[in-house]
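Enquirer: Sharing a model that was predicted from the sequence below.
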Amino acid sequence: MEIEYWWLLALPFFFGLGWVAARIDIRHLLTESRALPTSYFKGLNFLLNEQPDKAIEAFIEVVKVDPQTIELHFALGSLFRRRGEVERAIRMHQNLVARPDLAKEQKTQALYELAQDYLKAGLLDRAEELFLKLEHSPHAEAVLKFLLEIYEQEKDWQKAIVIAGNLEKVTGHSRQKDIANFYCEMASSELMHTRAEAARPHLAHALSHHRLCVRANLLLGDVEQSQGKLDAAVGAWKRIESQNPIYLSLVAERLYRVFKQQDKAAEGITLLRGYLAKYPSLDLLNTVFDGLLEGEGAEAAYALVRDEVRRTPTLLGLDKLLEAQLLDAPAERRQDLEITKMLVHQHTRGLAMYKCDHCGFRARQFYWHCPACASWETYSPRRTEEKGLPA
């Protein structure tokens, strides 16, 4: 293999160039680091040691010494907001917005941070105004999410529907379930103000956006019932089985009440027992138990609960079984049963909760909108102990 001698001559030259470049970079870094106040490095050290209070004070000193440190202003403002010192964050970002020497991108960033400060402070109108100005900025997706949060807090469902549609276009992710719930919220409001007929169009829109919207059929049944159309109400609630049968537990009591109103209590119990056989649920069991107790007596109610506990043994079912036994228990056994039931009931209090599948927040009542993470339809209608039951 022939050796090209010019490479040997060139190697020292290239090595020298590399050495000179490295020296220039090192000098540049040293010059920059010397230009930074010592408070800057103190602040970084405090942050690394998880001492945010001291870090903030150190960074404030840097800002006083060198007002041109724009990025540090942003970092300080974010720190203030996260710590709940919203007024300081607002002042910091307002000062940035007012600066005439700010570049366009930095001005946009300052407005975005200020809008978040207003939102954190509960100044929703100011936050909305700024976010609307930033709707077509590089922060578009985050801005739309913040606007949606604002409109949900204000219960401005029409605006929420528009923003959810825009967010869907920007992200490519479906928001149809959320939109359906916004229409259901409007329908609920009409029902609360005894304007049942005005609720119908909202429910039709909800089902057109999300055909599996159980809540829409639940509310539609309420609309029909309020107008005396009992068969139509039953039909609306029955349709829930084809959407998601585990939600039948939410309408069990409604169904029984309407059948009873029509003097068809036995027919209603038969329907609900059929649901209970296919879709085991504590709420279904409670409704059927009360119906049997009223219509056929304590023995039939006890037999129902006993068979259900054998089929799907749970502590919640055992609690119900002890309640059934107490109905017909002889005097000498009643005290022992009451003590046992009290102990079981105390243990099952935590098992009878509803749980958000998104954030894990537990509640004693069922929510369509999680009060903790603000997600829609993330609560299962089954209690926490029932999650393992077959669907």
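Expert: That came through, no problem. Bear in mind the structure is a predicted one, so any value in this text is a computation, not a measurement.
Enquirer: From now on I want contacts and neighbour counts done on CA atoms only, so please keep to that.
Expert: Noted.
Enquirer: contact partners of the host helix or strand of Arg215?
Expert: Here Arg215 sits within helix 214-226, counting by DSSP states H and E. Contacts to helix 214-226, defined as C-alpha atoms under 8 Å, 6 or more residues apart in numbering, come from residues 180-181, 184, 187-188, 191, 196-197, 199-200, 203-204, 206-207, 230, 232-237, 239-240, 243-244, 247, 251, 258.
Enquirer: Quick one: name whatever helix or strand follows it.
Expert: Assigned by DSSP H and E, the successor of helix 214-226 is helix 230-238.
Enquirer: pLDDT on the stretch of helix or strand Ser242 belongs to, on average?
Expert: Element membership of Ser242 [criterion: DSSP H and E] is helix 240-243. Computed over helix 240-243, the mean pLDDT rounds to 96.
Enquirer: Check stretch 165-185 too.
Expert: 95.
Enquirer: same thing with stretch 198-212?
Expert: pLDDT averaged over stretch 198-212 gives 97.
Enquirer: Name the residues of stretch 71-83 that are buried.
Expert: Neighbour counts over stretch 71-83 (16 or more other C-alpha atoms under 10 Å) mark Leu72, His73, Phe74, Leu76, Gly77, Ser78, Leu79, Phe80, Arg81 as buried.
Enquirer: Check stretch 142-150 too.
Expert: Per 16+ other C-alpha under 10 Å, stretch 142-150 contains these buried residues: Val143, Leu144, Phe146, Leu147, Leu148, Glu149, Ile150.
Enquirer: Could I get the contacting residues of the third one?
Expert: Read it as Phe146. Phe146 sits next to Phe131 when contact means C-alpha under 8 Å, 6+ apart.
Enquirer: which SS class is it?
Expert: helix (DSSP: H, G, I helix; E, B strand; the rest coil).
Enquirer: Let's see the pLDDT reported for it.
Expert: 97.
Enquirer: hang on, the earlier thing: so what's the gap between the helix holding Ser242 and the chain middle?
Expert: 24 Å (C-alpha atoms, centre = their mean, to the nearest Å).
Enquirer: cool, stretch 151-159 as well?
Expert: Remark: stretch 151-159 is offset 16 Å from the chain centroid, using C-alpha atoms, centre = their mean.
Enquirer: What's the mean pLDDT across it?
Expert: 96.
Enquirer: Spit out the contact partners of Leu284.
Expert: Each residue near Leu284 by C-alpha under 8 Å, 6+ apart is listed here: Leu248, Ser249, Ala252, Glu253, Leu272, Tyr275, Leu276.
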